[in-house]
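1. next comes the sequence, and after it the predicted model I'd like to discuss.
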Amino acid sequence: MLVKTYGSAVYGIEATTITIEVNISGGTKYYIVGLPDNAVKESLRRIESALSSSGFRMPRQKIVVNLAPADIRKEGSSYDLAIAVAILASSKQTEASLLSELVILGELSLDGSIQPIKGALPIALQAARDGFKGILLPLANAREAAVVPGLQVYGIQHIKEAVDFISNKQPLDRVTVDTKADFLNNINDYEVDFADVQGQENIKRALEIAAAGGHNAVLIGPPGSGKTMLAKRLPTILPPLSLEESLETTKIHSVAGKLGIAESLMTTRPFRAPHHTISDVALVGGGHQPQPGEISLAHNGVLFLDELPEFKRTVLEVLRQPLESRNMAISRARFSVNYPASFILIAAMNPCPCGFYNHPQKDCLCNPGMVQKYVSKISGPLLDRIDLHVEVTPVDFTQLTATRPAEKSAAIRDRVAAAREWQAERFKTLPNVHCNAQMTPRQVRETCHISTAGQALLKAAMERLGLSARAYDRILKVSRTIADMERSTDIQTAHLAEAIQFRSLDRRGWAE
C-alpha cells in the first residue's frame, strides 16, 4: 500500500517541503531513495527499534521509502517520525486520513521518544505557505513553530502520541503563542547596562555614534581599560528589534540550533564574541552540511572580535566581502546558500604586544618597530571598512569610585533611535540602505554636503595628520551621523572635527 507523509528540508534559512512516499510489497529488504545522507539511511534502524519499543511492529516485507523531490539532498534525522508514521499507515496499523494535512518532523530515539530538531521556524513558515493545516513536531520546538499565524502546532514527546492523534484516539493540545505580547514583554531585556560603566565618557560617545549610524569600530587601549565591558553593552543602546527583524534573526538561530527550548522569538539584538582561534568556515558559515557562521548569528546585532591582531589573517580577510554586501553567499559544487549578515563589527585590541604603548603611567616594553608590526597584522582593506578608531585610556581612581550614577542605556537608546528615524526618512526610497554606514560613495556625495570652511578643515586634517584617502568617505559618513544626532540638516565644522579624531590608525606616525 502506498502512503504519503510530508516533512521538510532546510537550505540556508529557507525550507522546502519534502514528500515522503512509502510502499510496502512482497520481499524482505528496506530501501531509502531520493539522495539521503547517512543519517537518513540509518533512520530505518532507529524506526524499527522505536516501533518495537512502542508496541507496534516493523513489517517483514519489502519497504521502499522515496524522498521527493529526488534531486535535492536530504540531510539529518528529522525525517524519522514522518517515515515511521508512513510505515505504520502503509501497513494499516494506523489511519492515514490526516496525513495530507500535516507536516511531520522529529528524530526518534530507540525507545520511541522524540528528540528536538533544527530549523523549526523556517519549516513552519514554509508549511503555512504551502497550505498545510498543521505541523506535528517535538514539544521542545513547539513554541518556536507556534509563532507562525494560522498554523495549528502540536508538540509531542513520544511516537505513540503522534499515532494516537493521527488515529483520532487521543487529541493533542494545540500550542499557541501570543507573538506580539511575547515580543513586547521581553524586548530590550538585557542583563547589562551602560550605567555599570564609570567614566569613559568619550568612549561611550563613540559607541553612541557607532550605534546611531551603524558604524563599525575598533577600540585600541591597554589591558583592563574597559574595552570588552563597553563592547558588551553596545546592543543595549541599539534601537529595539522590529518584529520583522526578530523573525529573521530567530530563523537563523533556529537553523543553527542555537535557540533556547523556552524561546519562541529572539527579542534582543544578538551579541556574538567568537574566540580568536576560530576558523574561517566557523566565522562565515558553510561546511559539509551548510550552517550559518558567527557573522550570520550576529545578524541585526553585534559581532565582537576581542584581541583582533591575534585572529588568523585568513579569518579576518573573509570578513571583507560580508562587511560590504551584508550577505554571505556560500557556493559549493553541489549547492549554493545565502545567509544574511548585516551586523555592526566592534573589535578590540591592545596597541602593542605588551599592551602599554601610549599608557599614561606604565612604560612600553616593546622594541622599536614592534608596535607597527603588531598593528600591521590588520590589513588596510579591513581597516578601510572600520569607520571609528577609538583610543581607550585607563579609568583613574577618582572616576572608578565616583558615586554619581552613570547614564543608563535606555536614555542613550532613545537618542540613537531618534537618529535612526531621521536616517530612515532620508533613505526611504532606497531599499538596501537603512543607516549612514550603508551609503555608497555616490550616496555620500549626494547626502554629505559640507561648507567651504569644512572643506578647508578636512583638507588640512588629511595633509597635517597624514590621513589616507580611504579615510575621506568614512569621515563624511561619521560626520553625517553626528549631525543627525543633533538634528542638523547640514554637516558643521564641529561635526567634521569630531569625526576626524576617530581615525587614529590612519594617522602618519601613530605607531612610530
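-> Right, received. Where do you want to start?
2. okay, helices next: where are they in the stretch 51-200 of the chain?
-> With DSSP state H, counting those that start in this stretch, the ranges of helices along the stretch 51-200 of the chain come out as 80-90, 120-129, 142-145, 159-166, 179-186.
3. contacts for the shortest one next, please.
-> When you say that, I think you mean helix 142-145. 120-121, 123-124, 135, 137, 151, 153-155, 175, 177, 250, 254, 259, 262-264 (Cβ atoms under 8 Å, 6 or more residues apart in numbering). Placement of C-beta: from N, CA and C, glycine included.
4. cutoff 7 Å now
-> Here helix 142-145 makes contact (Cβ atoms under 7 Å, 6 or more residues apart in numbering) with 120-121, 124, 135, 137, 153, 155, 175, 177, 254, 259, 263-264.
5. from the residues you listed, which two are the most distant?
-> Greatest spatial distance in the contacts of helix 142-145: Ile135 and Glu263, 17.6 Å, computed using Cβ to Cβ.
6. tell me which of these two has more neighbours.
-> Per other Cβ atoms under 10 Å, whichever of Ile135 and Glu263 has more neighbours is Ile135, with 29 against 17.
7. who's in contact with that one?
-> Leu102, Val103, Ala124, Ala127, Ala145, Leu151, Val153.
8. and with 10 Å instead?
-> 6, 8, 101-105, 120, 123-124, 126-128, 141-142, 145-146, 148, 151-155, 175 (Cβ atoms under 10 Å, 6 or more residues apart in numbering).
9. check Asn141 too.
-> By Cβ under 10 Å, 6+ apart, the neighbours of Asn141 are 78, 105-106, 114-121, 123-124, 135, 153, 155, 175, 254, 259, 261.
10. mind jotting down where the helices sit in the stretch 251-400 of the chain?
-> For the stretch 251-400 of the chain, applying DSSP H, counting those that start in this stretch gives helices covering 280-284, 294-297, 313-317, 320-325, 370-375, 380-383, 397-400.
11. Lys41 against Asp80, yeah?
-> No - using Cβ atoms under 10 Å, Lys41 is not in contact with Asp80; the gap is 11.7 Å.
12. which one of the two has more residues nearby?
-> Asp80 (28 against 14).
13. enumerate every residue touching that one.
-> Contacts of Asp80 (Cβ under 10 Å, 6+ apart): 7, 39-40, 42-44, 46-47, 50, 104-109, 114-115, 117, 159.
14. measure it to Ala348 for me?
-> Counting by Cβ to Cβ, to the nearest Å, the separation of Asp80 from Ala348 is 45 Å.
15. what do you get for Asp490?
-> Asp490 is 34 Å from Ala348, by Cβ to Cβ.
16. ditto for Ser90
-> 59 Å.
17. same deal with Leu476?
-> 25 Å.
18. what's the answer for Pro340, then?
-> In terms of Cβ to Cβ, Pro340 sits 25 Å off from Ala348.
19. between those two, which has more neighbouring residues?
-> Regarding Pro340 and Ala348, a neighbour count based on other Cβ under 10 Å identifies Ala348 as having more, with 23 against 20.
20. ok, now how distant is that one from Glu191?
-> 20 Å.
21. ok, Gly287 next?
-> 31 Å.
22. cool, and Ser488?
-> Taking Cβ to Cβ, one finds Ser488 at 35 Å from Glu191.
23. wait, Leu388 sits on Ile346?
-> Yes - between Leu388 and Ile346 a contact is recorded at 9.3 Å, counting by Cβ under 10 Å.
24. so what sits against both of these two?
-> By Cβ under 10 Å, 6+ apart, the residues touching both Leu388 and Ile346 are Leu207, Ala210, His215, Asn216, Ala217, Val218, Leu219.
25. sitting in helices, which of these do you find?
-> Leu207, Ala210 (DSSP state H).
26. farthest pair within the shared contacts of Leu388 and Ile346?
-> His215 and Leu219 (12.8 Å).
27. so what's in contact with these two at the same time?
-> Joint contacts of His215 and Leu219 (Cβ under 10 Å, 6+ apart) are Ala206, Leu207, Ile346, Leu388.
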